[in-house]
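Asker: build me a model from this:
(one chain, ligands or ions: 1)
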Amino acid sequence: MPTFPAWYFDESTMAGIDFEDAAQVAVYDRNQTSSTPEKEQALVTRLGIAAEHTVIDLGAGTGNFAIQAALTGASVHAIDISQAMLTNAQNKAQKAGVTTLKFHQAGFLSYEHQDQFVDFVVTKNALHILPDFWKMAAFLRIAAMLKPNGVFYLRDVIFSFPAADYEASINDWIKQVAKPAGEGWTAKDFEMHVREEHSTYGWIIEAMLTRAGFEIVEANYNTPTNAEYFCIKTI
Ligand SMILES: C[S@@+](CC[C@H](N)C(=O)[O-])C[C@H]1O[C@@H](n2cnc3c(N)ncnc32)[C@H](O)[C@@H]1O
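Answerer: The predicted model follows:
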């Protein structure tokens, strides 16, 4: 493991859900309906991932995207800070019979890519774990892993409502998406996300991506609380 200065962010103390608890990981996997094999397969196709490519999935979770990417024959690195998440993903990968997927217990700020530069870095629903200063550090590290013209795909809970409307926007969002206990993410889960994690505004993310050396080819603010970015490394 590399050594970092005493002021460096400690990725092992995560806010939010305890992703080291196998039971919570299983609940997570059931609730995370935005990440089914079918949806991830569609994203793999949209990105144009194929057998000749190398892909890094940062914050890979229970592995649905990494497995679908590896099923194309691409060489895939699934990175997650949580061993319980990786174990869940490894079991799925074994069942799916994928052979080109490697797992690494590491984080946005600690993963050291030992191989050649990669064609794609993907991160979905994970970057919000970092405060903004450290998101910028993560973007710089991601740019350093990519080939020139390599693709960075980011999706997360990212806000695009007018800042002055933040109270009503957050309340409306939680009202719309929260499910009763046992049926998915509850109001308490979303409240905790806003209170303790670090989702931020799209205009902040766009400025950081640009300063990290990415061209934003497409930014989609599908809802006021969710965004995705297709970026190309330009430097
Ligand atoms: C909400 S899940 C998203 C998983 C998956 N990408 C998806 O779209 O379903 C967030 C993941 O980020 C991981 N994580 C938390 N902090 C991290 C860090 N600093 N570096 C990398 N992964 C981290 C968690 O263990 C968890 O698996």
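Asker: list the contacts for the residue of the chain found nearest the ligand?
Answerer: Closest contact between the chain and the ligand, by Cβ to the nearest ligand atom, is at residue 61 (2.5 Å). In short, each C-beta sits where N, CA and C put it, glycine included. Each residue near residue 61 by Cβ atoms under 8 Å, 6 or more residues apart in numbering is listed here: 28, 32, 35, 80, 85, 89, 125-126.
Asker: can you pull out the strands in the protein?
Answerer: Secondary structure of the chain (DSSP state E): strands located at 54-58, 75-80, 101-105, 118-124, 146-156, 214-223, 226-233.
Asker: wait, which of those is closest to residue 6?
Answerer: strand 101-105 (22.2 Å; Cβ to Cβ).
Asker: ok now that closest one, how far from the chain's centre?
Answerer: Relative to the chain's own centre, strand 101-105 is displaced by 15 Å; criterion: Cα atoms, centre = their mean, to the nearest Å.
Asker: report the strands that pair with that strand, each with its relative direction.
Answerer: strand 75-80 (parallel) (DSSP bridges).
Asker: just to revisit the earlier point, what two of the contacts of residue 61 are the furthest from one another?
Answerer: 89 and 125 (14.4 Å).
Asker: those two: who's more crowded?
Answerer: residue 89 (26 against 16; other Cβ atoms under 10 Å).
Asker: which residue, other than its chain neighbours, is closest to the more buried one?
Answerer: residue 63 (2.8 Å; Cβ to Cβ, 6 or more residues apart in numbering).
Asker: where's the residue sitting furthest away from the middle of the chain relative to residue 6, distance?
Answerer: Centroid-distance maximum for the chain: residue 164 at 27.5 Å, with Cα atoms, centre = their mean. Separation of residue 164 from residue 6 (Cβ to Cβ, to the nearest Å): 39 Å.
Asker: and what of residue 191?
Answerer: Counting by Cβ to Cβ - residue 191 and residue 6 are separated by 33 Å.
Asker: when these two are compared, which one has more neighbours?
Answerer: Neighbour count, other Cβ under 10 Å: between residue 191 and residue 6, residue 191 has more, with 13 against 4.
Asker: the residue lying closest to the more buried one once chain neighbours are set aside: how many residues sit nearby?
Answerer: Excluding the flanking residues, the one nearest residue 191 by Cβ to Cβ, 6+ apart is residue 174, at 6.6 Å. When neighbours are counted by other Cβ under 10 Å, residue 174 registers 19.
Asker: could I get the pLDDT score of the residue farthest from the centre of the chain?
Answerer: Note on residue 164: pLDDT of 98.
Asker: ok, now the one 5 residues further on?
Answerer: Looking at residue 169, its pLDDT is 98.
Asker: which ones are touching it?
Answerer: Per Cβ under 8 Å, 6+ apart, neighbours of residue 169: 159, 161-162, 224-225.
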